[in-house]
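Participant: here's my sequence, what's the structure:
(chains A and B)
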Amino acid sequence: QKEVEQNSGPLSVPEGAIASLNCTYSDRGSQSFFWYRQYSGKSPELIMSIYSNGDKEDGRFTAQLNKASQYVSLLIRDSQPSDSATYLCAVKGVTDSWGKLQFGAGTQVVVTP
Amino acid sequence: GAGVSQSPSNKVTEKGKDVELRCDPISGHTALYWYRQSLGQGLEFLIYFQGNSAPDKSGLPSDRFSAERTGGSVSTLTIQRTQQEDSAVYLCASSFRPRGKETQYFGPGTRLLVL
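Facilitator: Okay, here's the model as predicted:
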């Protein structure tokens, strides 16, 4: 079982709709969770971080964390063609103290005009 | 300030040759990480530096891979006797501190192709 799992997609979303991305993780003690966006041929860039249960909103992005269910999600509201990218879920596990990130394989999002 | 920089941006080499990949972290960042991303795959952790020490080398795939960091700054990842399966994008990231809520910022990566 992979430590961080995401649906690979592609997730096709009409422009203006909400894109919903899901991520599950296996390390129950994990404390820090990150969503990175990666455009084709580019390096990952951080778009959201979340550490506490509940929702965290930043512009059109909302991250949701449920530690009991070991689940973190990302919502993209009013999706734009520029949101077309691969979204990587990353988890900083408690079992490893050096801060390395465990990444999911990423979900490809395609926003269609 | 400047972000994480990496060089070269692209490297094509022949099987069996050695390559060196360089990472320049954000100034003041003590933690430095190397990751590898193969085509269509997620990021795979290779090695972590705190200062000039590497307390976690658990991700290095074989003894052909080594890395060092000098002056608490620049890091070099060396791959000896390259194999075709080493072809990937090698990404470097740095953070102010390794633990807790510190964000890792990624460089542009080095795209390595082994023929």
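Participant: could you dump the worst-scoring helix or strand of chain B on mean pLDDT to CSV, C-alpha only?
Facilitator: None of the helices or strands of chain B scores lower by mean pLDDT, DSSP states H and E than strand B:53-56, at a mean of 86. Presented in CSV, the C-alpha positions along strand B:53-56 are these (Å, rounded to 0.1, in the frame of the first residue of the first chain):
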residue,chain,number,x,y,z
SER,B,53,25.3,16.5,7.3
ALA,B,54,23.1,14.0,5.7
PRO,B,55,21.1,12.3,8.4
ASP,B,56,18.7,10.6,6.0
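Participant: which parts of the chain are strands?
Facilitator: I went with chain A, as the question did not name one. A:4-6, A:11-14, A:19-25, A:32-38, A:45-50, A:54-58, A:61-66, A:71-76, A:85-92, A:101-103, A:107-112 (DSSP state E).
Participant: try again with chain B
Facilitator: Under DSSP E, chain B gives strands at B:5-7, B:10-13, B:19-24, B:31-37, B:43-50, B:53-56, B:65-69, B:75-79, B:88-95, B:105-106, B:110-114.
Participant: so, low pLDDT: which residues of the chain?
Facilitator: Since you didn't name a chain, this refers to chain A. Scanning chain A for pLDDT under 70 picks out A:1-2, A:94-98.
Participant: switch to chain B, please.
Facilitator: B:1, B:98-101.
Participant: near chain A, which residues of it show up?
Facilitator: B:31, B:33, B:35, B:41-45, B:48, B:50, B:55-56, B:59, B:91, B:95, B:97-109 (CB under 8 Å from any CB of the partner chain). Every C-beta, even on glycine, is put in place using the N, C-alpha and C of the backbone.
Participant: buried subset of those?
Facilitator: B:31, B:33, B:35, B:42-45, B:48, B:50, B:56, B:59, B:91, B:95, B:98, B:102, B:104-109 (16 or more other CB atoms under 10 Å in any protein chain shown).
Participant: the residue most central in space within chain B bridge partners, please.
Facilitator: Centroid check for chain B by CA atoms, centre = their mean gives B:W34 as the closest residue, at 3.2 Å. Assessed by DSSP bridges, B:W34 has beta-bridge partners B:I47, B:C92.
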